[in-house]
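Asker: Sharing a model that was predicted from the sequence below.
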Amino acid sequence: MLATWLILLASLVIVWVIASFPVYVAGKLVTAGRATFLEAMLATVVGPVVFGIVFAGATLFLLPLFGGSAAVWATFLAFLAWLAVYRSLFKTGWLGALGIAVLAVVVSLILYAILGFTFGTGFLQPAQGKLI
């Protein structure tokens, strides 16, 4: 039982490090090299937590006011909160935080495509004559 929990914990740490890499690369590019891997790791953990908290709170608050569109507004506010985390951790402005977020997605897609073509997995793998 303990071994299972240790394997789970080790796996989560490995995934966390891998997920932090695109944020680190984007942070380095946007901040002209000032970003550290520790900042990227913190942003990778704190950003989604803040997003979730703001999304849940904003949805509960906005639901009586906006009805069905409350989730759209809550998503926008939660994304702004995530950008505020990037802005704070990477010591940049709002545009820089947005740049880090966008570049992190682009770097992730590039890495995913490279790994997909290298190991034959992923969403960009050749179709091999089959229709999906």
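Answerer: Yep, it's here.
Asker: Quick check, central residue of the chain?
Answerer: Thr44 (6.1 Å; Cα atoms, centre = their mean).
Asker: That one contacts Ser20, doesn't it?
Answerer: Yes: counting by Cβ atoms under 8 Å, Thr44 does reach Ser20; the two are 4.4 Å apart. C-betas here are computed from N, CA, C, even on glycine.
Asker: Same question for stretch 73-84: list its buried residues.
Answerer: Trp73, Ala74, Leu77, Ala78, Phe79, Ala81, Trp82, Leu83 (16 or more other Cβ atoms under 10 Å).
Asker: Where does pLDDT dip in this structure?
Answerer: 121-132 (pLDDT under 70).
Asker: where do the helices sit along it?
Answerer: For the chain, the helices defined by DSSP state H cover 2-30, 37-66, 70-89, 94-119.
Asker: relative orientation of the last one and helix 2-30 in degrees?
Answerer: In this case it means helix 94-119. 120 degrees (axes from the mean of the first three to the mean of the last three Cα atoms, to 10 degrees).
Asker: just to revisit the earlier point, of all the buried residues of stretch 73-84, which comes closest to Trp5?
Answerer: Closest approach to Trp5 among the buried residues of stretch 73-84 (Cβ to Cβ): Trp82, at 29.5 Å.
Asker: quick one, what contacts the closest one?
Answerer: Counting by Cβ atoms under 8 Å, 6 or more residues apart in numbering, Trp82 touches Gly47, Pro48, Val50, Phe51, Ala101.
Asker: which of these count as buried?
Answerer: Among these, those classed as buried by 16+ other Cβ under 10 Å are Gly47, Val50, Phe51, Ala101.
Asker: how about the residues you listed in TSV, adding distance to Gly93?
Answerer: Formatted as TSV, these follow (distance: Cβ to Cβ, whole Å):
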residue	distance to Gly93
Gly47	17
Val50	18
Phe51	20
Ala101	13
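Asker: Pick the most deeply packed of the helices of the chain.
Answerer: helix 70-89 (a mean of 18; mean count of other Cβ atoms under 10 Å).
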